[in-house]
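Undergrad: The following comprises the amino acid sequence and a computationally predicted model.
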Amino acid sequence: MKLIGLTGSIGMGKSTTAGMFAELGLPVYDADAAVHRLYAPGGAAVAPVAALFPDALDQGGIDRRRLSARVLGDDGAMRALEAAVHPLVAADRVAFFAQAQESGADLVVLDVPLLFETGGAAGLDAIVVATAPPDVQRARVLARPDMDSAKFEAILARQTPDAEKRAGADFLVETAAGLAPARAQVRSIVETLRQPGWISRRPR
């Protein structure tokens, strides 16, 4: 079973690209969705995160907006949050892998926003980066509710620049041209990964 990392900076179309892999029948592990589950009432991250940031606790779960407002721009707080949450996400991911392997999947996609930033590229067979020109990225992000230029710049400051992500990728999905071209790129990537002669980046 090959492990394919999918990443991309905010506004680059990564989530839409993940959906295209899912349309082709590939299991897709959504790290952000996993965090949502862990932050929900009864989730494994609620107690440790609430211990660090009590104001983020709301009705038995973690309010992500409050949490984001608390940690954004505070490197120490962000490191503490990541130290508490990342091991829980990793355990959730391992369970997902096991289930996918049991089902006979030959390719599994890991949709991880901060793949390069967290050192998550190690152990993957290939890395796919969703990308778009900066003006397209900015327009997409600023069209979101509860987003402004200052928040956008603060998020960008925490993310590896798109040029570096592109340089570290095995495959690119250019998302600015529309859905049909992006789907064609995703289909081509899957076909390539399934070729017998394709060489993984992961040491065997």
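TA: Cool, got the structure. Residues are numbered from 1 along each chain as shown.

Undergrad: isn't there a helix covering residue 12?
TA: No - counting by DSSP: H, G, I helix; E, B strand; the rest coil, residue 12 is not found in a helix; it is coil.

Undergrad: From what I see, it and residue 132 are in contact.
TA: Yes - contact criterion Cβ atoms under 8 Å: residue 12 and residue 132 qualify, at 5.2 Å. C-beta here means a position set from N, CA and C on the backbone, and glycine is covered the same way.

Undergrad: And these two? Which one has more around it.
TA: Shown here are residue 12 and residue 132; by other Cβ atoms under 10 Å, residue 12 has more neighbours (27 against 22).

Undergrad: what's the more buried one in contact with, if anything?
TA: Going by Cβ atoms under 8 Å, 6 or more residues apart in numbering, residue 12 touches 129-132, 137, 162, 175.

Undergrad: make it 7 Å
TA: 130-132, 137, 175 (Cβ atoms under 7 Å, 6 or more residues apart in numbering).

Undergrad: Which ones among these lie within helices?
TA: residue 137 (DSSP state H).

Undergrad: among the contacts of residue 12, who's most crowded?
TA: With neighbours taken as other Cβ under 10 Å, the top of the contacts of residue 12 is residue 130, carrying 28 neighbours.

Undergrad: Okay, now the unreliable bits of this protein?
TA: 203-204 (pLDDT under 70).

Undergrad: in the chain, which helix has the most residues?
TA: helix 75-102.

Undergrad: same for the helix or strand following it, what does it pack against?
TA: Where DSSP states H and E defines the elements, the next helix or strand beyond helix 75-102 is strand 107-111. Contact here means 3 or more Cβ pairs under 7 Å, 6 or more residues apart in numbering; DSSP states H and E; on that basis strand 107-111 packs against strand 2-7, helix 14-23, strand 28-30.

Undergrad: if we can go back for a sec, which neighbours do residue 12 and residue 132 share?
TA: Residues touching both residue 12 and residue 132 (Cβ under 7 Å, 6+ apart) are residue 175.

Undergrad: on contacts alone, who are the packing partners of the longest helix of the chain?
TA: Secondary elements touching helix 75-102 (3+ Cβ pairs under 7 Å, 6+ apart): helix 31-39, helix 46-52, helix 64-71.

Undergrad: Please report how far the most centrally placed residue in the chain lies from residue 127.
TA: Nearest to the mean C-alpha position of the chain, by Cα atoms, centre = their mean, lies residue 112 at 2.0 Å. Residue 112 sits 10 Å away from residue 127, going by Cβ to Cβ, to the nearest Å.
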